[in-house]
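Visitor: can you look at this prediction? I've put the sequence above it.
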Amino acid sequence: VVVEQQAIGTPKESGEAGRGPQTPSVTQPPPPPRPPTSAAPSPSSATAPSSTPAGAQRSFQVTVEKTDAESKLGLDTVAKKNYVALKVSKVKEGLVAKWNEQHPEEALQAGDLIVAVNGESSSVDAIYKTISRDTKITLSIHRFE
């Protein structure tokens, strides 16, 4: 199948200049987007948790408010490279630890992913800026169980 590509409204070069706008007689849809490719897991990583583990995903929100007496969330996080998220590596003393005491069923823990803060999820830098700037903080959490 031969498909001619040309801008609509320009004559074809085959001498059809006086016949008005031409469109290709056959159109093909664009190819579907390709899924991201990844290397096959090595034997050593086959049993280790992956950055996006397979399994049930649980989502919940943690809301804390900074005060003059307590303004630290009390989290150690690592920015994810493959997607916008902060992985919690440790919960320390601070607002989140107090949240955890009051909400044991939705306690933030190491391994949880912070995927948005106050609705901000455009970049890791934007998430960190939102945490620094805002007084009331709502963390959107994903947990793979």
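Guide: Sure, I can see it.
Visitor: could you use CA atoms for every contact and neighbour count after this?
Guide: Fine.
Visitor: gap between F60 and A85?
Guide: 15 Å (Cα to Cα, to the nearest Å).
Visitor: ok, now K92?
Guide: 19 Å.
Visitor: among F60 and A85, which residue is more densely surrounded?
Guide: A85 (25 against 13; other Cα atoms under 10 Å).
Visitor: quick check: phi and psi on that one?
Guide: phi -170, psi 160 (degrees, to the nearest 10).
Visitor: who's in contact with it?
Guide: Listed by Cα atoms under 8 Å, 6 or more residues apart in numbering, the contact partners of A85 are 79, 113-116, 121, 124.
Visitor: redo these as JSON lines? Include secondary structure.
Guide: Below are the contacts of A85 laid out as JSON lines (DSSP: H, G, I helix; E, B strand; the rest coil):
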{"residue": "A79", "secondary structure": "strand"}
{"residue": "L113", "secondary structure": "strand"}
{"residue": "I114", "secondary structure": "strand"}
{"residue": "V115", "secondary structure": "strand"}
{"residue": "A116", "secondary structure": "strand"}
{"residue": "S121", "secondary structure": "coil"}
{"residue": "V124", "secondary structure": "helix"}
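Visitor: where does pLDDT dip in the chain?
Guide: Within the chain, the stretches falling below the threshold (pLDDT under 70) are 1-55.
Visitor: residue ranges for the helices of it, please.
Guide: Remark: helices assigned in the chain by DSSP state H are 95-102, 124-133.
Visitor: let me have the contacts of A85 in JSON lines, extended by neighbour count and distance to T67.
Guide: Formatted as JSON lines, those follow (neighbours: other Cα atoms under 10 Å; distance: Cα to Cα, whole Å):
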{"residue": "A79", "neighbour count": "17", "distance to T67": "26"}
{"residue": "L113", "neighbour count": "27", "distance to T67": "25"}
{"residue": "I114", "neighbour count": "27", "distance to T67": "22"}
{"residue": "V115", "neighbour count": "22", "distance to T67": "24"}
{"residue": "A116", "neighbour count": "24", "distance to T67": "21"}
{"residue": "S121", "neighbour count": "17", "distance to T67": "24"}
{"residue": "V124", "neighbour count": "21", "distance to T67": "24"}
